[in-house]
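*Asks:* how would this look folded up:
(chains A and B)
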Amino acid sequence: EVQLLKSGGGLVQPGGSLRLSCAASGFTFSNYAMGWVRQAPGEGLEWVSGISGSGTATYYADSVKGRFTIFRDNSKNTLFLQMDSLRAEDTALYYCAKHPLYYYGSGSYYFDYWGQGTLVTVSS
Amino acid sequence: QSVLTQPPSVSGAPGQRVTISCTGSSSNIGAGYDVHWYQQLPRTAPKLLIYGNNNRPSGVPDRLSGSKSGASASLAITGLQADDEADYYCQSYDSSLSKVVFGGGTKLTVL
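*Replies:* You can find the predicted model right below:
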């Protein structure tokens, strides 16, 4: 059974940093691209970032480019999202999600499994 | 404002059929990128319902179906049940924005 277990959310002041982790199990982690999607309170889904199975290719939404870094440790089956220079508008539930293929590209732009969200609140 | 446009809400009585539309443009659905659909029950993570326009993952009942035509797509649910009440999101890829894009979501109410 595919499981994506999150940790690392919480309350942080504007300008602060936070690192989210997503521990994967039930599949060969390194064989699949992964991504982060967020949902602000009462709002819809917003794609944040994606990473290939090897970790060598990364992709970001313009809203987080230069502030967030996605990376993975395939030896520990864990996906990370390092969030720096946080802003109030980054407040959201963050989901880690699995792509169906190794690469992030045509045929693999959707998410076949999602973890439970972790709440990030940016407020003073 | 979402790149993909969905109606904010739809409703139907138990047993009826409802459709949820998803309208894009020439840089996403109209460009040939696939459309995918997710269901989000209250306080839970989204769940994949339809991928590649009209394919159901195992475990998703065949009373749910997807279609795509031009720059639009639709999710149809027949034989409405109380536990279909949820938010539904369409998703595709936009080549102009170079990113995965979602619709704004549609709240389905079972009357």
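
*Asks:* can you give me the helices in chain A?
*Replies:* Counting by DSSP state H, chain A has no helices at all.

*Asks:* the residue located most distally from the centre of chain B and chain A, how far apart?
*Replies:* What lies farthest from the middle of chain B is B:Ser96; by CA atoms, centre = their mean that is 21.6 Å. Separation of B:Ser96 from chain A (CB to the nearest CB, to the nearest Å) stands at 12 Å. (Each C-beta comes from the backbone N, C-alpha and C, glycine too.)

*Asks:* please name the residues that touch that residue.
*Replies:* By CB atoms under 8 Å, 6 or more residues apart in numbering or on different chains, the contact set of B:Ser96 is B:Ser27.

*Asks:* quick check: mean pLDDT across stretch B:89-99?
*Replies:* Computed over stretch B:89-99, the mean pLDDT rounds to 96.

*Asks:* next one: stretch A:15-24
*Replies:* 98.

*Asks:* for that stretch, list the C-alpha coordinates in CSV.
*Replies:* Presented in CSV, the C-alpha positions along stretch A:15-24 are these (Å, rounded to 0.1, in the frame of the first residue of the first chain):
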residue,chain,number,x,y,z
GLY,A,15,10.6,35.8,6.6
GLY,A,16,11.2,32.6,8.5
SER,A,17,12.0,29.1,7.2
LEU,A,18,10.5,25.7,7.5
ARG,A,19,11.3,22.3,6.1
LEU,A,20,8.6,19.8,5.2
SER,A,21,9.4,16.0,4.9
CYS,A,22,7.4,13.3,3.3
ALA,A,23,8.4,9.7,4.0
ALA,A,24,7.3,7.3,1.3
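
*Asks:* buried residues of that stretch, list them for me.
*Replies:* Along stretch A:15-24, these residues count as buried under the neighbour rule (16 or more other CB atoms under 10 Å in any protein chain shown): A:Leu18, A:Leu20, A:Ser21, A:Cys22, A:Ala23, A:Ala24.
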